[in-house]
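*Asks:* What shape does this take:
(2 chains)
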2 protein chains.
Amino acid sequence: MRVVLAAGTTETALIDGISAAGAAPELMAHTPSADVEILAYGAPTAAPVTPVSPTGCPTPAAVTRAVREVVGFEVAVVDAGLSEPTGAPTVDLGVEPGTDIREPEAVPQASSFYPRAREYGRTLPDDTLVIGETVPGGTTTALGVLTALDEPGGVSSSLPTNPLERKRRVVETGLAESDLEPGDCEGDPLEAIRAVGDPVQPTVAGIAAGALETGTDVTLAGGTQMVAIAAVLRHAGIDAPVTIATTSFVADEQGDALPAACDRLDCELRVTDPGFDERDHVAMARYCAGEAKEGVAMGGALSLVPDGRMSAVRDRLEVVCARLGIEPETGEQEGAATEPTEGTHGP
Amino acid sequence: MRVVLAAGTTETALIDGISAAGAAPELMAHTPSADVEILAYGAPTAAPVTPVSPTGCPTPAAVTRAVREVVGFEVAVVDAGLSEPTGAPTVDLGVEPGTDIREPEAVPQASSFYPRAREYGRTLPDDTLVIGETVPGGTTTALGVLTALDEPGGVSSSLPTNPLERKRRVVETGLAESDLEPGDCEGDPLEAIRAVGDPVQPTVAGIAAGALETGTDVTLAGGTQMVAIAAVLRHAGIDAPVTIATTSFVADEQGDALPAACDRLDCELRVTDPGFDERDHVAMARYCAGEAKEGVAMGGALSLVPDGRMSAVRDRLEVVCARLGIEPETGEQEGAATEPTEGTHGP
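*Replies:* As a prediction, the model looks like this:
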């Protein structure tokens, strides 16, 4: 068993109101680089940012790392278009950062990234892969691909209040700039990604496709972004069994839409509740309030926790949070009435 | 605790009789790329070679991997000058392959690789680092650096019969081509590496130096190549405690020379015997016959095995060997009278 994390960037994240556009958009490109350092080392190393929202909500990488410190799974991080350096070890498949989906081409080389990732997925000897992602702006590009493929349903958000209408308008503009209508890419998912996707998508889909070809069990670790990946696989004619593993935070937000999407795409859905409501800790409280929700393979990692060990994961998350400089609680954060600032991760 | 592996290449390995010059020198550059895949995934993935000698002796990466599958330590592989692609995740510090030490400059950028590696070592949050290497030809470059620094003693070999005189002649030529006499680089170890070293040396020494600066415990995992690294550190004025952890195979070959070198360099020496003589398996028999001996952090990994678990490591090594296509035993290999072909790893 191995967790594979595809980490990349798209300039779509810089669109106002899409993802963490608040305080410091120039730092957002460092978020996936910092996430993979947290996953690899337990804390950022070379990255100049620590992805914690002003309300004290840490990146889901903190949760995935906490699970790793309890369960001990192996990790491979794939550079799926990082635009800033990282101190973490990464697999180099030559994937480049993506542009704003309102440009005519969002991922010009999607059709070459996919076969490289597929070959990589074919070579991995593991029996089971759990494949996650970190890409700020990724729910918008997921909506783009789902729309281009005429797959119904919305996408989630790292915010308690989902700016879904704003994302829809961005996708509409993106499709128009690519001379496409919704549904125009049915059966041609790489064209959908090229037009309105991000570079993490052909990387994750390619790794999954290659692994499935060699009989490996594949779990897509994430929420609505992984629904988009499942759609890419199905539109590519790949009908092997696939599981989507996400968090209760995404499942609660999405309601019936998530099981309906999984059913339509013939995917098994696994939802894990980390029991964060049992702790009085700001990081867990923020997740319970709907911040962050998912990302960096969090739901997939949580699905690996054996019965009776989730409390140990919560203990460990407190340790990881301390490393990230998060105090367990503050008066401001307890019952704060202010709207949280946007996080950089969407499910 | 983390095992950091610096993987690189030097054209010195291509000199006839130095390292695995036998069957296919053009494949030798792939050996460290394959080693790190074995360490990361349990088997080669993208590399077109499986480092197993014709007698059935696997690369020490197989042993380090077996320990990892039992003990579960975390790994970071640093690209210290790989000349061929690898499917394993690697940290990119911009280190380039080394040239033949008989050229005027063996590692022209040694003085820029070292501070980058040192900065990387400074950033790692681990309490303890075990730092290993994989670089074919590495015992010759180790002898080069030791000679340039006027440190006495020989170096080990991946062969039962050590071609030490040949290595000495190569080093003599290398020093002469760099306009140096033995001892000319005392107190200037980066100059020694620039002239007659390899790119793995400033990488390992830099990581160790940075880690020591931040109070991290450092174990150098290897034999005489790590003696050369310890010499680099001491000649750089770094006097923090350092441990060298190697295998009983190196210790047996080196006799009193190894403890003497460690004593001179004020390093603690830890020798671990994996008990390979207790098994009737060709891979373990070849190590007992003096092949390979050390490399890819093998001695350091073995030092992490808790009391009573070495038998589980031997069990696991049999599983790893099966993945690498090594049959447990054959009639030819049992008591074979032929001289083994050279392996690509020297201690």
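*Asks:* mind listing the helices for the stretch 51-200 of chain A?
*Replies:* Ranges of helices within the stretch 51-200 of chain A are A:60-71, A:110-123, A:138-148, A:164-177, A:189-196, A:200-213, based on DSSP state H, counting those that start in this stretch.
*Asks:* Out of those, flag the one nearest B:Thr246.
*Replies:* helix A:60-71 (29.4 Å; Cβ to Cβ). In short, each C-beta sits where N, CA and C put it, glycine included.
*Asks:* Can I get the helices of the stretch 51-200 of chain A in CSV including mean pLDDT?
*Replies:* Formatted as CSV, the helices of the stretch 51-200 of chain A follow (pLDDT from 0 to 100):
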stretch, mean pLDDT
helix A:60-71, 98
helix A:110-123, 98
helix A:138-148, 97
helix A:164-177, 96
helix A:189-196, 98
helix A:200-213, 98
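*Asks:* Of these, which is nearest A:Val91?
*Replies:* helix A:110-123 (6.8 Å).
*Asks:* Pull the CA coordinates from that closest one and hand them back as CSV.
*Replies:* C-alpha atoms of helix A:110-123 as CSV (Å, rounded to 0.1, in the frame of the first residue of the first chain):
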residue,chain,number,x,y,z
ALA,A,110,-2.3,17.5,-21.0
SER,A,111,-2.1,14.8,-23.7
SER,A,112,1.6,14.2,-23.0
PHE,A,113,1.4,14.4,-19.2
TYR,A,114,-1.2,11.7,-19.1
PRO,A,115,0.8,8.9,-20.8
ARG,A,116,3.9,9.7,-18.7
ALA,A,117,1.9,9.4,-15.5
ARG,A,118,0.2,6.3,-16.8
GLU,A,119,3.6,4.7,-17.4
TYR,A,120,4.7,5.6,-13.9
GLY,A,121,1.5,4.1,-12.5
ARG,A,122,2.1,0.9,-14.4
THR,A,123,5.6,0.5,-12.9
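*Asks:* Give me the nearest residue to the closest residue to chain B within the stretch 151-300 of chain A, chain neighbours excluded.
*Replies:* Of all residues in the stretch 151-300 of chain A, A:Gly210 sits closest to chain B, at 11.1 Å by Cβ to the nearest Cβ. Excluding the flanking residues, the one nearest A:Gly210 by Cβ to Cβ, 6 or more residues apart in numbering or on different chains is A:Gly121, at 2.7 Å.
*Asks:* got a list of what A:Val3 touches?
*Replies:* By Cβ atoms under 8 Å, 6 or more residues apart in numbering or on different chains, the contact list for A:Val3 reads A:64, A:68, A:73-76, A:129-132, A:221, A:297, A:300-301.
*Asks:* cool, A:Phe113 as well?
*Replies:* When contacts are taken as Cβ under 8 Å, 6+ apart, A:Phe113 is in contact with A:Ala80, A:Leu93, A:Gly94, A:Val95, A:Val107, A:Pro199, A:Pro202, A:Thr203, A:Gly206.
*Asks:* And the residues you listed, which of them are buried?
*Replies:* Among these, those classed as buried by neighbour count (16 or more other Cβ atoms under 10 Å in any protein chain shown) are A:Ala80, A:Leu93, A:Val95, A:Val107, A:Pro199, A:Pro202, A:Thr203, A:Gly206.
*Asks:* Just give the number of residues close to the residue lying closest to A:Arg122 once chain neighbours are set aside.
*Replies:* With Cβ to Cβ, 6+ apart as the criterion, A:Arg122 has its nearest non-adjacent residue at 3.8 Å, and that residue is A:Gly210. Neighbours of A:Gly210 under the rule other Cβ atoms under 10 Å in any protein chain shown: 23.
*Asks:* about what we covered before: can you tell me which of the helices of the stretch 51-200 of chain A is nearest to A:Ala312?
*Replies:* Evaluated with Cβ to Cβ, the helices of the stretch 51-200 of chain A place helix A:60-71 nearest to A:Ala312, the distance being 5.0 Å.
*Asks:* Does that closest one reach chain B?
*Replies:* No - for helix A:60-71, no contact with chain B is found by Cβ under 8 Å from any Cβ of the partner chain; the gap never falls below 8.7 Å.
*Asks:* Please save the CA atoms from that helix in PDB.
*Replies:* This file holds the C-alpha atoms of helix A:60-71, laid out as PDB (Å, rounded to 0.1, in the frame of the first residue of the first chain):
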ATOM      1  CA  PRO A  60      -5.100  19.000   5.500                       C
ATOM      2  CA  ALA A  61      -1.500  17.900   5.000                       C
ATOM      3  CA  ALA A  62      -1.300  18.200   8.800                       C
ATOM      4  CA  VAL A  63      -4.000  15.600   9.200                       C
ATOM      5  CA  THR A  64      -2.500  13.300   6.500                       C
ATOM      6  CA  ARG A  65       0.900  13.600   8.300                       C
ATOM      7  CA  ALA A  66      -0.700  12.800  11.600                       C
ATOM      8  CA  VAL A  67      -2.200   9.600  10.200                       C
ATOM      9  CA  ARG A  68       1.100   8.700   8.700                       C
ATOM     10  CA  GLU A  69       2.900   9.100  12.000                       C
ATOM     11  CA  VAL A  70       0.300   6.700  13.600                       C
ATOM     12  CA  VAL A  71      -0.200   4.200  10.700                       C
END
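*Asks:* Without its sequence neighbours, what residue ends up closest to whichever residue of the stretch 101-250 of chain A sits closest to chain B?
*Replies:* Distances between the stretch 101-250 of chain A and chain B by Cβ to the nearest Cβ are smallest at A:Thr123, namely 3.8 Å. With sequence-adjacent residues excluded and distances taken as Cβ to Cβ, 6+ apart, A:Thr123 is closest to B:Thr45, at 3.8 Å.
*Asks:* Surely A:Ile244 is within a strand?
*Replies:* Yes - using DSSP: H, G, I helix; E, B strand; the rest coil, the assignment for A:Ile244 is a strand.
*Asks:* right, and it touches A:Gln225 too?
*Replies:* No - assessed by Cβ atoms under 8 Å, A:Ile244 is found out of contact with A:Gln225, at 10.0 Å.
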